[in-house]
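Asker: have a look; sequence and predicted model below, questions after that.
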Amino acid sequence: MTAPRDVPAPEQGLVLTHFLTVRDVARSRRFYADILGGEVVLEENPAIVKVANSWIIMNPGGGPTPDKPGITLVPPDDGDTVSSFLNVRVADIGAFYAAAVAKGAEFLTEPIDRKAELRCYLRDPDGYLIEVGQATGLLRGVFADR
């Protein structure tokens, strides 16, 4: 069997990946490939999708393992309470938003001008929150209101 290409395995130092516990690996894999333009590196076990210069790793939940004793992984169950989210920075939020909506993405709002940036949010199939932003005022030293 040939090793998959372009997996997050640095020759030195480190790379940062994001792991998501998902209900349906195929559905989530398609979302990150289609909506964010990712490349499927590994179909499953775990699914790995390379998005720009990072990787999203997805697997179903499960109970404790020897390397994470006492820890159970589950997808989010309450979409209105979050403790972290994926932050995606784009060069042209208008173009990204239009393309994502055309592919079926459902955003919470259209992009909103926050002075430092244009920003909007969407959810993936499991309810994970994803911020999409484009730096604007921040590039000129203008920051968002507190």
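Answerer: Received, thanks.
Asker: please make it C-alpha for all contacts and neighbour counts, starting now.
Answerer: Noted.
Asker: for the most centrally placed residue in the chain, which residues are in contact?
Answerer: The residue lying closest to the centre of the chain (C-alpha atoms, centre = their mean) is residue 86, at 4.7 Å. Residue 86 makes contact with 128-131 under the criterion C-alpha atoms under 8 Å, 6 or more residues apart in numbering.
Asker: same question, residue 39
Answerer: If you count contacts by C-alpha under 8 Å, 6+ apart, residue 39 has them with 33, 49-51.
Asker: mind listing which of the contacts of residue 86 are in strands?
Answerer: Mapping the contacts of residue 86 onto strands (DSSP state E) picks out 129-131.
Asker: out of these, who's the most crowded?
Answerer: residue 129 (23 neighbours; other C-alpha atoms under 10 Å).
Asker: how about the nearest residue to that one, chain neighbours excluded?
Answerer: residue 123 (4.6 Å; C-alpha to C-alpha, 6 or more residues apart in numbering).
Asker: next: residue 130.
Answerer: Leaving aside its chain neighbours, residue 130 sits nearest to residue 86 (4.8 Å; criterion: C-alpha to C-alpha, 6+ apart).
Asker: backbone dihedrals for the one you found, please?
Answerer: Here is the backbone geometry of residue 86 (degrees, to the nearest 10): phi -80, psi 140.
Asker: distance check, it against residue 19.
Answerer: Distance of residue 86 to residue 19, computed by C-alpha to C-alpha, to the nearest Å: 10 Å.
Asker: cool, and residue 145?
Answerer: Residue 145 is 32 Å from residue 19, by C-alpha to C-alpha.
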